[in-house]
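Engineer: Model the following, please.
(one chain, ligands or ions: 1)
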Amino acid sequence: MNTGKGHIELAGIGKSYDDGASFAVQGINLKIPDGSYCCFLGPSGCGKSTILRMIAGHEDPTEGKILIGGENVVGLAPVERRTAMMFQSYALFPHLSVRDNIAFALRVRGLSVKDRNAKADEMIEKVHLGEFANRLPGQLSGGQQQRVALARAAITEPRVLLLDEPLSALDEHLRIQMRAELRRMQKDLGITFIHVTHTQMEAIALSDIVVVMDKGHIRQAGSARDIYSAPRDRYVAEFIGGQNVLSGRISDIDKGTARLGGDTFGQIVVPLPEGHRKSKGEKLDIAIRRDDVDLRPVAAQPDLPPSATSIVGRVQAIEYQGNYVKVQIDAAENDDFVSFMPERKFYEAGLTVGDAVLAVWDIQHTQLLA
Ligand code: ADP
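Structural biologist: Residues are numbered from 1 along each chain as shown. All right, here's what the predicted structure looks like:
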């Protein structure tokens, strides 16, 4: 077992209120390796912050254990756990300079002025705030304030740094810039970062581990690529986005494939894993990545390779996105079947709204959902 200093294990964690009548989270089991960047992702109210607060030591679980570096920390104060939290509001002291804000925790811990200034200056360099060391927080941009907040949390040398929606107060441009900075800081410091967000792309861009949550439970935990390219169920596929989710019934099974018929589309071919227990008449949910779907005009009567499957639809909407074009067709629930076509390919195909099209994909690119 990995018991590095920042290795975290959540073992059967639950948090309930009103003598168990309601719960914020339930049955949480997760291992987060030392030095990794982990994002808890989910809509508001799904229990992300509750987990963060329990790891931090601001709240205790009603059941289960939280192990940091192999030691159960339930009941210990944040200082004893060696965790530090960076809050959404940054909570900087407005009357203290950048240096004094960053050195504050060292003052509380009784370090001499000389020692704490030396450590603060080292940290100021790490977060690239050298020229702002003597400024007050009010004289800094949002992104700079955030770096101060991060430095202030990191100076205590925690083994785990917890970040609650750290980028939500920033405008989009800055958010993307700070996202990269957070990742760089995490690598530089070499400690475990746990970050809570409701923004899919933020989690995908930052994380070694993405934990997708729904109503107090973990739906899927894995690398960003796993979550995006192999969502486990309909909830994860729809929440992460970039996917077409189709529901149908199996009309036929032949060797390693099934024919699937739906209300909004005809018949498609779906691969089945070895040892599957699927049978005729069973309902199946599948996901196909939008960037795996190619569109061809039906009128062109295209020849399709045997490895392809297709559905027919009519183009409902076209949205230019720069490097790709988002084309929506009316072949799924709520007309929500979309192809992300590379820009050049889209213009070669010459599609317009109202055209009848074949939406084509390789059957191996189908993801079976639980
Ligand atoms: P998130 O961070 O994902 O938005 P939270 O962890 O803040 O979600 O909350 C998860 C659930 O727990 C919510 O339904 C919330 O209403 C509930 N909850 C949080 N704190 C309390 C409390 N003190 N008493 C009762 N319910 C609470």
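
Engineer: can you give me the strands in the stretch 51-200 of the chain?
Structural biologist: Here the stretch 51-200 of the chain has its strands, by DSSP state E, counting those that start in this stretch, at 63-68, 71-72, 83-86, 160-164, 192-197.

Engineer: Buried residues, stretch 347-361. List them.
Structural biologist: 349, 351, 355, 357-361 (16 or more other CB atoms under 10 Å). Where you see a C-beta, it was placed from the backbone N, CA and C, and this is true even at glycine.

Engineer: ok, now how distant is the residue nearest to residue 147 when sequence neighbours are not counted from residue 368?
Structural biologist: Leaving aside its chain neighbours, residue 147 sits nearest to residue 127 (4.3 Å; criterion: CB to CB, 6 or more residues apart in numbering). Relative to residue 368, residue 127 is positioned 45 Å away (CB to CB, to the nearest Å).

Engineer: The two: who's more crowded?
Structural biologist: residue 127 (23 against 18; other CB atoms under 10 Å).

Engineer: got the contact list for the more buried one?
Structural biologist: Shown in contact with residue 127 (CB atoms under 8 Å, 6 or more residues apart in numbering): 147-148, 150-151, 185.

Engineer: try 7 Å
Structural biologist: Shown in contact with residue 127 (CB atoms under 7 Å, 6 or more residues apart in numbering): 147, 150-151, 185.

Engineer: In a markdown table, list those residues along with distance to residue 34 and neighbour count.
Structural biologist: Output for the contacts of residue 127, formatted as a markdown table (distance: CB to CB, whole Å; neighbours: other CB atoms under 10 Å):
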| residue | distance to residue 34 | neighbour count |
| --- | --- | --- |
| 147 | 24 | 25 |
| 150 | 20 | 28 |
| 151 | 22 | 25 |
| 185 | 17 | 20 |
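
Engineer: Reformat those residues as CSV; add distance to the ligand.
Structural biologist: Below are these laid out as CSV (distance: CB to the nearest ligand atom, whole Å):
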residue, distance to the ligand
147, 24
150, 20
151, 25
185, 23
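
Engineer: and stretch 108-124, which residues are buried?
Structural biologist: Buried residues in stretch 108-124 (16+ other CB under 10 Å): 111, 116-117, 119-120, 123-124.

Engineer: buried residues in whichever strand or helix holds residue 248?
Structural biologist: Following DSSP states H and E, one finds residue 248 within strand 243-254. In terms of neighbour count (16+ other CB under 10 Å), strand 243-254 has its buried residues at 243-248, 250, 253.

Engineer: give me every residue that touches the most centrally placed residue in the chain.
Structural biologist: Geometric centre of the chain, nearest residue: residue 203, 3.0 Å, by CA atoms, centre = their mean. By CB under 7 Å, 6+ apart, the contact set of residue 203 is 39, 41, 197, 210.

Engineer: so who does the second one touch?
Structural biologist: When the contact criterion is CB under 7 Å, 6+ apart, the partners of residue 41 are 197, 200, 203, 210-213.

Engineer: just the first one next, same as before
Structural biologist: In this structure, residue 39 makes contact with 195, 197, 203, 206-207, 210-211, judged by CB under 7 Å, 6+ apart.

Engineer: Mind doing that once more with 8 Å?
Structural biologist: 194-197, 202-203, 206-207, 209-211.

Engineer: and if you look at residue 241?
Structural biologist: Contacts for residue 241 (CB under 8 Å, 6+ apart) come out as residue 200.

Engineer: Quick one: distance of the lengthiest helix in the chain to the chain centre.
Structural biologist: The longest helix of the chain (DSSP state H) is helix 172-189. A distance of 15 Å separates the C-alpha centroid of helix 172-189 from that of its chain, computed with CA atoms, centre = their mean, to the nearest Å.
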